[in-house]
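Engineer: predicted coordinates and the sequence they were generated for:
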Amino acid sequence: MTRNLTALAAALTMTVLAVGAARADGDPKRGAKVFEECRACHSLERGANGVGPDLHGVFGRRAGEAADFRYSPALKRSGITWTPQTLDAYVADPQKAIPANRMPYSGIPDARDRADLIAYMQQVFK
Amino acid sequence: MATKLKEVDVVIVGLGWTGGILAKELSETGLKVVALERGGMRSTASDFAVPSVRDELRYVHRHDLMQNTQKDTLTIRNNPSQEALPMRRLGSFLPGEVVGGSGVHWSGHTWRWTDNEFKVRTLYEERYGKNYIPADMTIQDWGITYAELEPYYDKFEYVAAVSGKAGNIRGQIQPGGNPFEAPRARDYPLPPLTPVLANEMFKTAAQNNGYHPFPRPSANASRAYTNPDGARFGACQYCGYCQRFGCEANAKGSPHMTVIPIAMRSPNFELRTNTWVTKVLKDTSGKRVTGVTYTNVLNGEEFEQPAAMVLLTAYAINNVHLMLLSGIGQPYDPVSQKGVIGKNYCYQTGAGATLFFEGRNFNPFMSAGGSSSTMDDYHANWNFDRSQHGFVGGYVVGGGFNTALPIGYRPVPRGTPAWGTAWKAATAKWYQTAMNIGASGSVMANRYNYYDLDPTYRNAFGLPLMRMTFDYKDNEHKMGRHAAQVVNDIAKSMNPTSFNPATARTEPWTVVPYQSTHNTGGTIMGTQPNNSALNKYLQSWDCHNLFVVGANVFAHNAAYNPTGPVGALAYWTADAIKNRYLKNPAPLVSA
């Protein structure tokens, strides 16, 4: 029984990871610091495209759909809608999540950093 | 007939690091500032986005960010007995020509030049005697001290996001930094970049040979950073497209993403792109400049822009050219050794080895501009006794990668055919297994290395081309032999499968292939009008409302990259103008 549960837990973990596991316990304060990584290119204000598109109200938006930004074909074709889960998978390893996208960034490997980042962004757009 | 425009307070000629710094600093004081830039606008978002920026053909081979030699170039010769011929294609050096200038396409290497340079003649005469310096070596003290410049180095390093490890903080030697550097008030704003395998291997080998390697300081942000002016940097992604490219991640400190956009937010500042300044105008007394004439290169329209103050902040060569074209200061004559404009042109030298390690994977496609370890044991190290070797100056040695590109970077062992099936097989076999160790050396000023106007060839505006007369002298050959020996000794100690040894150059300098964009001198700073074009505040001895800023003010060339003192001197000059000149517009040093 115990063995079965462990196996089940492992299987579940794998499934969840495959679609991107966003931890729900992010610390928005720490996340504001993590966002410094993104700031050189992305703003959270509407209409403030920089090197990258502005991220205003990103959750619920389809990838590659914000006005006035020239997205890569890969991002436009991805069919992704930004949720905490999809954003987590994307920033973990951008080229793995959406191959051939143009964001010049290698990703945030640490799951806690990502959770904090997403918690911060969710708080900003509450 | 030129259209005469309304007078402004300051006209800035050329908008790279120096022009950008001065544009920001002076427009903040309320002065009305106009910048004239030959090239067009460039921004990270619209010009350096992935994937279009990673275009080796466009940026490296077709020189997208560089001066167009069809409009203006130089004529080149090795000595005054030769006829100089125009350089019809860029080669040995690459002046930038866009908003941001060469500060867009540099690698970011940022050094602090010290009193070893600023007091070069005094120090060598004291230590080695007056006769040690050859008669034709026209080195002289610069008129400035390291202590004066230290706060301005600090300022520039924090603006440009330099990553590095201090070696000497207020006299305390810091482990892991350059023990030979001059004391600094504080550490770099950012820690060193993550090393790649080649710089780790070089570091170990240099240490095993008794040297003192340290991470090369460079304006490649090792992590996300906001500079004191509020400019935001992303973290370097080690993409491998640094030198000759704009940075896609805003991680390389560049004027187009720091000082220039800040100046552009000021209502006092105006930028006019695609404008080519042809002359600096003087009044009848010849003691003041009154503005500039320029041509709009898109439609050929000519303008006169009157100004209370003119700042020449173009590429080093072009600043000197404008002084000669405008007849400001006496042109240098190598025979009589009278005159100062064109004097003490210097370049750099070097020697390198390529090492092959069968079975190692160096991943050369992955690097930042500053992905290397370097050592200063034969340059800043004043305990190194030059008298046994008979040269003045020195060289730094480094190992690592910087912009090893897919087309151009093809290391193969010596003896490999230069083309065909065997070459292809060799590039495939050795690509991953090679690393370089390189020495970069100083060039001391020489009586016969100088600039003047060419008597024959003219540019697209009908103006005489600049003529460069340059060759390496005995001093550089002696140093080159020493450097090659040191590089090869370190290389051998690493037990490579094979290596292409460094060789000291013996042949005359030529304008191909690419060597270094560190052209210095021509309007040097100094202690008095008969030995220099500018005083220590980079103010013209002839016209006090003209300042000339850039590596053209260096009285000779060190082994280091020039941008550290170029940036620091721009801030130094900005302060002299703001705090002293504006209150009393007169010579800041009495002649």
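Structural biologist: Looks like it arrived, so ask away.
Engineer: residues from chain B in reach of chain A?
Structural biologist: B:44-45, B:48-51, B:223-224, B:226, B:232-235, B:237, B:239, B:248-251 (Cβ under 8 Å from any Cβ of the partner chain). C-betas here are computed from N, CA, C, even on glycine.
Engineer: ChimeraX command for the buried members of these?
Structural biologist: Selecting only the buried entries of the residues of chain B next to chain A in ChimeraX, with 16 or more other Cβ atoms under 10 Å in any protein chain shown as the criterion:
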select /B:44,48,49,50,223,224,232,233,234,235,237,239,248,249,250,251
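Engineer: who touches the residue of chain A found nearest chain B in this structure?
Structural biologist: Proximity of chain A to chain B (Cβ to the nearest Cβ) peaks at residue A:40, 3.3 Å away. Contacts for residue A:40 (Cβ atoms under 8 Å, 6 or more residues apart in numbering or on different chains) come out as A:50-51, B:224, B:232-234, B:249-251.
Engineer: mind doing that once more with 10 Å?
Structural biologist: A:50-52, A:105, B:44, B:221, B:224-226, B:231-235, B:247, B:249-251, B:257 (Cβ atoms under 10 Å, 6 or more residues apart in numbering or on different chains).
Engineer: can you check residue A:94 too?
Structural biologist: By Cβ under 10 Å, 6+ apart, residue A:94 lies in contact with A:75, A:101-108.
Engineer: for it, what are phi and psi?
Structural biologist: Note on residue A:94: backbone dihedrals following degrees, to the nearest 10 are phi -60, psi -40.
Engineer: measure it to residue B:235 for me?
Structural biologist: Distance of residue A:94 to residue B:235, given as Cβ to Cβ, to the nearest Å: 14 Å.
Engineer: overlap of the contact sets of the two?
Structural biologist: With Cβ under 10 Å, 6+ apart, residue A:94 and residue B:235 have common neighbours A:105-106.
Engineer: tell me the pLDDT at the residue in chain B that chain A sits nearest to?
Structural biologist: Closest residue of chain B to chain A, Cβ to the nearest Cβ: residue B:234 (3.3 Å). In this model, residue B:234 is scored at 93, pLDDT.
Engineer: check the contact between it and residue B:249; I expect there is one.
Structural biologist: Yes: in this structure, residue B:234 is within contact of residue B:249 by Cβ atoms under 10 Å, at 4.3 Å.
Engineer: what is in contact with these two at once?
Structural biologist: Residues touching both residue B:234 and residue B:249 (Cβ under 10 Å, 6+ apart): A:40-41, A:51, A:104-105, B:44, B:221, B:224.
Engineer: and the furthest pair within these?
Structural biologist: B:44 and B:224 (14.7 Å; Cβ to Cβ).
Engineer: returning to what we had before: the contacts of residue A:94 in helices, which ones?
Structural biologist: residue A:75 (DSSP state H).
Engineer: in a markdown table: the contacts of residue A:94, plus pLDDT and distance to residue B:2.
Structural biologist: Shown next, in a markdown table, are those (pLDDT from 0 to 100; distance: Cβ to Cβ, whole Å):
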| residue | pLDDT | distance to residue B:2 |
| --- | --- | --- |
| A:75 | 94 | 50 |
| A:101 | 92 | 50 |
| A:102 | 90 | 45 |
| A:103 | 91 | 48 |
| A:104 | 88 | 44 |
| A:105 | 91 | 49 |
| A:106 | 90 | 52 |
| A:107 | 93 | 55 |
| A:108 | 95 | 56 |
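Engineer: if we check chain B, which of the contacts of residue A:94 are in contact?
Structural biologist: By Cβ under 10 Å from any Cβ of the partner chain, the members of those lying near chain B are A:101-107.
Engineer: from the contacts of residue A:40, which ones fall inside strands?
Structural biologist: B:225-226, B:232-233 (DSSP state E).
Engineer: helix or strand: which one has the nearest residue to residue B:536 once chain neighbours are set aside?
Structural biologist: Excluding the flanking residues, the one nearest residue B:536 by Cβ to Cβ, 6 or more residues apart in numbering or on different chains is residue B:143, at 4.2 Å. Residue B:143 is part of no helix or strand, with elements assigned from DSSP states H and E.
Engineer: any idea of the pLDDT on residue B:143?
Structural biologist: In this model, residue B:143 carries a pLDDT of 98.
Engineer: and of the ones in strands among the contacts of residue A:40, the nearest to residue B:551?
Structural biologist: Closest to residue B:551, out of all of the ones in strands among the contacts of residue A:40 and judged by Cβ to Cβ, is residue B:233, at 24.4 Å.
Engineer: bridged to that closest one, which residues?
Structural biologist: residue B:225 (DSSP bridges).
Engineer: which residue packs closest to the residue most central in space within chain A, ignoring adjacent ones?
Structural biologist: Centroid-nearest residue in chain A: residue A:87, 1.9 Å away (criterion: Cα atoms, centre = their mean). Once flanking residues are discounted, residue A:87 sits nearest to residue A:118: 6.0 Å by Cβ to Cβ, 6+ apart.
Engineer: give me the distance from the helix or strand hosting the one you found to the chain's centre.
Structural biologist: Assessed by DSSP H and E, residue A:118 sits inside helix A:111-124. Centre-to-centre, helix A:111-124 and its host chain are 9 Å apart (Cα atoms, centre = their mean, to the nearest Å).
Engineer: buried residues in it?
Structural biologist: So for helix A:111-124, counting by 16+ other Cβ under 10 Å, buried means A:113-122, A:124.
Engineer: of those, closest to residue B:464?
Structural biologist: residue A:117 (58.9 Å).
Engineer: and the pLDDT for the closest one?
Structural biologist: As predicted, residue A:117 sits at a pLDDT of 96.
Engineer: identify the residues contacting it.
Structural biologist: Contacts of residue A:117 (Cβ under 10 Å, 6+ apart): A:26-28, A:30-35, A:37-38, A:87-88, A:91, A:108, A:110.
Engineer: and for residue B:517?
Structural biologist: B:66, B:90, B:92-96, B:102, B:105-106, B:243-244, B:315-317, B:347-348, B:551, B:561-562.
Engineer: also residue B:200?
Structural biologist: B:213, B:373, B:399-400.
Engineer: now residue B:40. Its backbone dihedrals?
Structural biologist: phi -100, psi 180.
Engineer: what does chain A have sitting close to chain B?
Structural biologist: So chain A meets chain B at A:33-43, A:49-52, A:69-70, A:72, A:100-107 (Cβ under 10 Å from any Cβ).
Engineer: now a ChimeraX select for only the buried ones of those.
Structural biologist: Per 16+ other Cβ under 10 Å, the buried members of the residues of chain A next to chain B correspond to this ChimeraX selection:
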select /A:34,35,36,37,38,39,40,41,42,43,49,50,51,52,72,101,102,103,104,105,107
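Engineer: one step back: now do the contacts for the residue nearest to residue A:87.
Structural biologist: Neighbours of residue A:118 in contact, by Cβ under 10 Å, 6+ apart: A:22-24, A:26, A:28, A:31, A:34, A:59, A:83-85, A:87-88, A:91.
Engineer: and for residue B:111?
Structural biologist: Counting by Cβ under 10 Å, 6+ apart, residue B:111 makes contact with B:153, B:162, B:164, B:178, B:181, B:216-218, B:374, B:376, B:379-380, B:396, B:558-565.
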